[in-house]
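K.L.:
Quick one: sequence plus predicted model below, questions after.
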Amino acid sequence: MNASENIFIGVGAVVFRGDDVLLIKRGKAPFLGHWSIPGGRLEYGERLIDAITREIHEETATTVRILGLLDAFEALPRTPQQFDRHTIMIDYVAEWVSGEPVAGDDATEAEFVSIDEAMTRLSWDQTRLALSRAIELRPSFAKAP
C-alpha cells in the first residue's frame, strides 16, 4: 500500500433544525459507538456538496440545504481505534429540509438533540469545535442570498 492509500477525504455537516442539531451514532471505526455529526467518504469524481447531501441522506434519511462551508479538519494517524490513516474532513453548515431521522448506512442511531445535549454526546474535540463554529457562523449564512 502506498502513502496516498492512507489518505481519507471525508465530508461532514452540522445540520440544524431550529435550535436542535442532527447527530448520528457511529456504526464503524473510527469512534465506533460514539456520537458524531453525519458525514462520510468523498467518492472519486463526486463534488463535495453532492457528497455531503448524499451522506446525510444515507445515514439519516433526511434532506438538507447546505448553507456554507464550515472548515476543514485534519487528523493524523494514531491508533486503529482512532485514526489509522491521514484524515481530512471538510465540514459544512446545513439546515434540515425534510424527513425524520432514521439510522441507515453506517449509523446505528440518528436523532435531533439540543445543542447542549450534542456538546455532551460528541466524542471528538474537533467535532465539538465544528459545532461551536457552526453556531457562530449560522447567522451569517442565513443572511446570504
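P.N.:
Done, it's in.
K.L.:
Tell me if residue 118 really is in a helix.
P.N.:
Yes. Residue 118: assigned to a helix according to DSSP: H, G, I helix; E, B strand; the rest coil.
K.L.:
Need the nearest residue in space to it, chain neighbours excluded.
P.N.:
The spatially closest residue to residue 118, leaving aside those adjacent along the chain, is residue 21, at 4.5 Å (CB to CB, 6 or more residues apart in numbering). From N, CA and C alone the C-beta is placed, and that goes for glycine too.
K.L.:
And the helix or strand hosting that neighbour, what does it pack against?
P.N.:
Element membership for residue 21 (DSSP states H and E) is strand 20-26. For strand 20-26, the packing partners by 3 or more CB pairs under 8 Å, 6 or more residues apart in numbering; DSSP states H and E come out as strand 7-17, strand 35-36, helix 48-60, strand 107-114, helix 115-121.
K.L.:
mind checking which of the ones you listed is nearest residue 69?
P.N.:
With distances scored as CB to CB, the stretch of those nearest to residue 69 is helix 48-60 (8.5 Å).
K.L.:
Now do the helix or strand that comes right after that closest one: distance to the chain's middle.
P.N.:
Once the chain leaves helix 48-60, the next helix or strand it forms, by DSSP H and E, is strand 63-75. How far strand 63-75 lies from its chain's middle: 8 Å, per CA atoms, centre = their mean, to the nearest Å.
K.L.:
Against which helices or strands is strand 63-75 packed?
P.N.:
Packed next to strand 63-75, using 3+ CB pairs under 8 Å, 6+ apart, are strand 7-17, helix 48-60, strand 86-98, helix 125-143.
K.L.:
Compile the ones you listed into a markdown table and extend it with columns for distance to residue 107.
P.N.:
Below are the helices and strands packed on strand 63-75 laid out as a markdown table (distance: least, CB to CB, whole Å):
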| stretch | distance to residue 107 |
| --- | --- |
| strand 7-17 | 12 |
| helix 48-60 | 4 |
| strand 86-98 | 16 |
| helix 125-143 | 14 |
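K.L.:
List the single closest residue to residue 72 in space, sequence neighbours excluded.
P.N.:
residue 90 (5.1 Å).
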